[in-house]
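Visitor: take this sequence and fold it.
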Amino acid sequence: TPVTTGMKQCDFFCKDGLFKGNIRSLVKKPIKRSTRDILKDEIKAQIERYFELGLTLCHLDSHHHVHTEILVIRLIESVLSKESTDFRSIRIARNLCDHKFSTLPKTIYKSLLNSHLKKYHDTTDYFGSYQDFTNFQTMIGPGKKCEIMVHPVLINGVLMDKTDGGKLVKIIGHYDYERK
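Guide: Next comes the predicted model:
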């Protein structure tokens, strides 16, 4: 849900005061300066709201990885450079994966983006799903940091990950738990 009135009223991003579907696809289109300003104000307001809620984890990422779009990361960096925030790290684009399922331009884009993020921000060396980690953990050298994305669900006492296209992958055995 948008935080600012400007964003709630912005037809480019919102309908009836709520974000339209996949924001990531919208920021790939040409955007007027006034719309970029609205997006920048929203980013600033969301960061402020985060700290107002008393949250302390200072690792920046976004829903649906929208922060990995060039327009968005530039606006985020602009906000972070002007504001005194405690964000110390930023999630890189997914790079612990089977690149044969990605297009060459997308692979090049992610590599360039990750190089930029690693140069100017604290990052991990790798980022991928739990399934990526189990398949490609041999790529991760000693002393390297890896962030693992999971969307956990508990089904009949079994912890599952529902990250990659909604496919369920067993994470860890069987859990006995009591609901209180």
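Visitor: what segments of the chain are strands?
Guide: 14-15, 18-19, 59-60, 89-90, 126-129, 146-149, 152-155, 158-161, 169-174 (DSSP state E).
Visitor: report the mean per-residue pLDDT for the last one.
Guide: To tie it back to what came earlier, the one meant is strand 169-174. What strand 169-174 shows for mean pLDDT is 60.
Visitor: same question for the first one.
Guide: pLDDT averaged over strand 14-15 equals 92, rounded to a whole number.
Visitor: quick one, phi/psi of Leu57?
Guide: When read as degrees, to the nearest 10, the backbone of Leu57 gives phi -70, psi 120.
Visitor: please renumber the chain so that the first residue is 21 from this point on.
Guide: OK, 21 is where the count begins now, so the last one is Leu77.
Visitor: before we move on, back to that, can you lay out the strands of the chain as CSV showing distance to Ile93 and mean neighbour count?
Guide: The C-beta positions use only the backbone N, C-alpha and C, and glycine is treated the same way. Formatted as CSV, the strands of the chain follow (distance: least, Cβ to Cβ, whole Å; neighbours: other Cβ atoms under 10 Å):
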stretch, distance to Ile93, mean neighbour count
strand 34-35, 21, 14
strand 38-39, 18, 14
strand 79-80, 10, 16
strand 109-110, 8, 20
strand 146-149, 14, 23
strand 166-169, 17, 18
strand 172-175, 27, 11
strand 178-181, 26, 17
strand 189-194, 29, 12
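Visitor: can you list these in a markdown table and add distance to Arg56?
Guide: Converted to a markdown table, these look like this (distance: least, Cβ to Cβ, whole Å):
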| stretch | distance to Arg56 |
| --- | --- |
| strand 34-35 | 15 |
| strand 38-39 | 16 |
| strand 79-80 | 19 |
| strand 109-110 | 20 |
| strand 146-149 | 26 |
| strand 166-169 | 28 |
| strand 172-175 | 35 |
| strand 178-181 | 35 |
| strand 189-194 | 38 |
